[in-house]
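[1] What follows is a protein structure lacking sequence information:
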Ligand SMILES: Cc1cc2nc3c(=O)[nH]c(=O)nc-3n(C[C@H](O)[C@H](O)[C@H](O)COP(=O)(O)OP(=O)(O)OC[C@H]3O[C@@H](n4cnc5c(N)ncnc54)[C@H](O)[C@@H]3O)c2cc1C
């Protein structure tokens, strides 16, 4: 059945970018219909930031914390809609927030406050948000405009915005953006899970899985990328902010280098301690700087379980190198089930960085994580969603 009351614009997905786009298109006087497959709007916002939504980062810099085949693509939108713009919206709604660390802003109370703010604004802007409407296809009409098909009806509109996000959280996600892009002849940068824990290979698993729960400050590096934050051992592999960050740069077959003592030249420290107190056991010494459980697990494997005075300079150099440059060879990643984001997406060359309109299909737009733009961990992905949604709305 065709819908008689056609909206001016249909936005697919009531997530971060879709709601932002809907609000500002609505305020511009457009009749906006948002179709959301889930039972609630903003589901990913609700679960984000451990329930407190890390909604932006005051240090967001489009030249720094974003990955894309074209890293310059996000500069325009991110410069036009900055973290300060979203913070002003949050403050105008009286939502209390705080900086947790490294410029990351979180709600004091709950991420429900952010969703409530967005829905209140949708309401004020006259936006029609319909839930339980899973879009299965978007098809250009020969006479112009688009048909948008859901389970029980077909909607039409002159303009359609794909804001259906990436593949992380499979219960919420769908591959509509990628499927639609493929069908309409748009290039897609192959998607992969990112900001995701990396798993043990089969040799390492029996050695390290008992360390589950141990966390420490470390530096994880892969290629040119390097992050200094905490790492967390789990039964399945390595997680924690530094490891999630580096997962966006890791590829199958590559190693991750982990510096377990990032402020210390481990070999030089061991030599100086050996000179001061050769009777001291290496394990006791390492426990001064590393978690006890980690040292106990590594003793006998990474270093001889003996006194510092009884090891050779060569052995000290080996221990030091392992502590400062542990070569971790992940077996894989935990995949979309636990990933925060999807790397890749609709190739940005298909879309205007100013208007977000698809060059090959005027009237079609794509924003947010559906595009090949992925931020680091720390509020950058939401800032991209707000910025791309806001900028697109100005040109609908
Ligand atoms: C557990 C978790 C925690 C996160 N925490 C943070 C954080 O604290 N800070 C941060 O910056 N980023 C965080 N992220 C990433 C952030 O949530 C996303 O980058 C952001 O939500 C992307 O916005 P979007 O609008 O592109 O997509 P989404 O917010 O994912 O919205 C897409 C919407 O489209 C709907 N949809 C999908 N397919 C269809 C379809 N076929 N028909 C109709 N509707 C459809 C989905 O149900 C969803 O509501 C987190 C992600 C996860 C998974």
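    All right, it came through fine. From a predicted model like this one, the values you see are computed outputs, not experimental measurements.
[2] Kindly indicate whether the nearest residue to residue 227 once chain neighbours are set aside is helix, strand or coil.
    Leaving out its chain neighbours, the residue that sits closest to residue 227 by Cβ to Cβ, 6 or more residues apart in numbering is residue 245, at 4.1 Å. Yep, even glycine has a C-beta here, placed from its N, CA and C like the rest. Assigned by DSSP: H, G, I helix; E, B strand; the rest coil, the conformation of residue 245 is helix.
[3] got the residues of this protein near the ligand?
    Applying Cβ under 6 Å from any ligand atom, we find that the chain lies next to the ligand at 12-18, 35-38, 43-44, 47-49, 53-54, 134-135, 163-165, 168-169, 172-174, 176, 340-341, 368-370, 379-382, 385.
[4] Now a PyMOL select for only the buried ones of the residues you listed.
    PyMOL command restricting the residues of the chain next to the ligand to the buried ones, with burial defined by 16 or more other Cβ atoms under 10 Å:
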select buried, resi 12+13+14+15+16+17+18+35+36+37+38+43+44+48+49+53+54+134+135+163+164+165+168+169+172+173+174+176+340+341+368+369+370+379+380+381+382+385
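[5] Work out the gap between stretch 179-187 and the centre of the chain.
    Distance, stretch centre to chain centre, for stretch 179-187: 23 Å (Cα atoms, centre = their mean, to the nearest Å).
[6] Tell me the pLDDT of residue 77.
    On the pLDDT scale, residue 77 is placed at 98.
[7] what's it in contact with, if anything?
    Listed by Cβ atoms under 8 Å, 6 or more residues apart in numbering, the contact set of residue 77 reads 62, 353, 356, 384, 387, 388, 390, 391.
[8] Please flag which of the residues you listed sit within strands.
    Here DSSP state E is the test, and these give no hits in strands at all.
[9] Now the residue of the stretch 251-396 of the chain found nearest the ligand: closest residue in space, sequence neighbours ignored.
    Closest to the ligand within the stretch 251-396 of the chain is residue 368: 2.3 Å, counting by Cβ to the nearest ligand atom. Excluding its sequence neighbours, the residue lying closest to residue 368 (Cβ to Cβ, 6+ apart) is residue 17, at 3.0 Å.
[10] Which other helices and strands does the one helix or strand that neighbour maps to contact?
    Secondary structure from DSSP states H and E places residue 17 in helix 16-27. Packing partners of helix 16-27 (3 or more Cβ pairs under 8 Å, 6 or more residues apart in numbering; DSSP states H and E): strand 9-12, strand 32-35, helix 112-124, helix 380-393.
[11] List the contacts of residue 208.
    200, 233, 297.
[12] Of those residues, which is the most crowded?
    Neighbour tally across the contacts of residue 208 (other Cβ atoms under 10 Å): the maximum, 24 neighbours, falls on residue 233.
[13] how about the nearest residue to that residue, chain neighbours excluded?
    Computed as Cβ to Cβ, 6+ apart, the closest residue to residue 233 that is not its neighbour in sequence is residue 211, at 3.9 Å.
[14] so that neighbour sits right up against residue 232, yeah?
    No. In this structure, residue 211 is not within contact of residue 232 by Cβ atoms under 8 Å, at 9.5 Å.
[15] hang on, the earlier thing: closest one to residue 241 among the helices and strands packed on helix 16-27?
    Residue 241 sits nearest to helix 380-393 of all the helices and strands packed on helix 16-27, at 12.8 Å, using Cβ to Cβ.
[16] what's the offset of that closest one from the middle of its chain?
    Distance of helix 380-393 from the chain centroid (Cα atoms, centre = their mean) equals 14 Å.
[17] if you average pLDDT over that helix, what comes out?
    For helix 380-393, mean pLDDT is 98.
[18] Stretch 231-245 too?
    On average, stretch 231-245 scores 98.
[19] Need the nearest residue in space to residue 131, chain neighbours excluded.
    Using Cβ to Cβ, 6+ apart and skipping residues adjacent in sequence, the residue nearest residue 131 is residue 36, 5.2 Å away.
[20] What does the pLDDT read for that neighbour?
    98.
[21] so it makes contact with residue 19?
    No. With contact defined as Cβ under 8 Å, residue 36 does not count as touching residue 19 (9.3 Å).
[22] Overlap of the contact sets of the two?
    Joint contacts of residue 36 and residue 19 (Cβ under 8 Å, 6+ apart) are residue 129.
[23] that older thread, take the contacts of residue 208 and lay them out in a markdown table including secondary structure and distance to residue 221.
    Formatted as a markdown table, those follow (DSSP: H, G, I helix; E, B strand; the rest coil; distance: Cβ to Cβ, whole Å):
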| residue | secondary structure | distance to residue 221 |
| --- | --- | --- |
| 200 | coil | 19 |
| 233 | strand | 18 |
| 297 | helix | 22 |
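[24] and which of the residues you listed is nearest residue 81?
    Each of the contacts of residue 208 was checked against residue 81 using Cβ to Cβ; the closest is residue 233, at 38.8 Å.
[25] give me every residue that touches that closest one.
    208, 211, 212, 213, 214, 215, 294.
[26] The residue nearest to residue 368 reaches residue 389, doesn't it?
    Yes. Under the criterion of Cβ under 8 Å, residue 17 makes contact with residue 389 at 4.0 Å.
[27] Can you work out which residues contact both of these two?
    163, 367, 368.
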